[in-house]
Structures are given as structure tokens and as C-alpha cells.
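Colleague: From the sequence below, what's the structure:
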Amino acid sequence: MSEEIPLKPISRKDIHRLETALIIATLLRPDVIEKVKHAEERLTWIDALAIAAGALARERAGIPVSQIADELGRTEATIRKHLSEKSEAGKLVKETFNRFAREGVRIELPTELVGKDIEDLKKKLAEREEEIKVLREKLGKIKYTLE
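Modeller: Take a look at the predicted model:
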């Protein structure tokens, strides 16, 4: 289920898709996960990332700062701060956007989020492989006995 996410959105739907991709990809960066884990004002920090992503997606669509501020319910100064990367959230979202521009829009889950599942699956696979080995040995013995 891969959709094309334009880096220069034209429609509102494109803006929302770019905004969502920026938010998710930025939040899933290992450095951001650590910051969020230890942030005293976690919700404020996540809100700032969402506003920065929304501002950047709208700016890429050519929407003026005053309209972006109205749409996102923030002051023009706050929007400019995010867009000029003077806020940490603005810097992080811009880094994510630049990565999208270089490598294409890909969102990868950090290994610490899926690592346990992968380890469990590897363990189960090893167990099944061992069971197959034992069954093959038994089958070999049965064949030998029948001959």
C-alpha cells in the first residue's frame, strides 16, 4: 500500500499526506524517540513537531505564512520560527524533509520498536528448523528399516 507523496503538494490531500509523513517519520527517528522518552513536556514537544510538519507541508504548497498561522492556530512568529529552523522541532522536520528529497519518502520502523518481534520470530524459526531436522532423521531411520 504505497502511495506517492509529493514533496511539492498541490491539493489539500497532498498537503495532509506530506504533513502526516513528516510527522511520522520524524517521530520514529531514534534520536527523536529518545528525546520524547525523556522530555518533561512530552505533549508540548510532540505538538511542536506536528505544527512544524504542518507548516513545512503548507509552505511547500505555496501557502503564505499568515494563512498557515490561521490554519494551524499559531502565531506567524511561531510559524516563521519553525520554517526558519530556529526551533528544534523545525530543524528535525526539515532534516526529515531533506532526507525525503534525497532518498524518497520512506518511513522505517526503528529496530527498538520491532526488535523484540523479530527476535521472537527468529527463535521460533530456529525451533522449527530443529524440529524438521529431528523429523528428517526419524524419516531416514524408518526408510532404512523398511529397506
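
Colleague: mind giving me the domain split of the protein?
Modeller: 1-108, 109-147 (automatic domain parsing).

Colleague: hey, which of those domains is tucked in deepest?
Modeller: Ranked by mean neighbour count, these are led by domain 1-108 with a mean of 16 (mean count of other Cβ atoms under 10 Å). Where you see a C-beta, it was placed from the backbone N, CA and C, and this is true even at glycine.

Colleague: any idea how far whichever helix in the chain runs longest is from the chain center?
Modeller: For the chain, the longest helix by residue count, based on DSSP state H, is helix 111-146. Offset of helix 111-146 from its chain centre (Cα atoms, centre = their mean, to the nearest Å): 33 Å.

Colleague: Can I get the domains of the chain in CSV including mean pLDDT?
Modeller: Formatted as CSV, these follow (pLDDT from 0 to 100):
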stretch, mean pLDDT
domain 1-108, 90
domain 109-147, 79
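
Colleague: Spell out for me which residue occupies the centre of the chain.
Modeller: Central residue of the chain (Cα atoms, centre = their mean): Ala25, 2.8 Å from the mean position.
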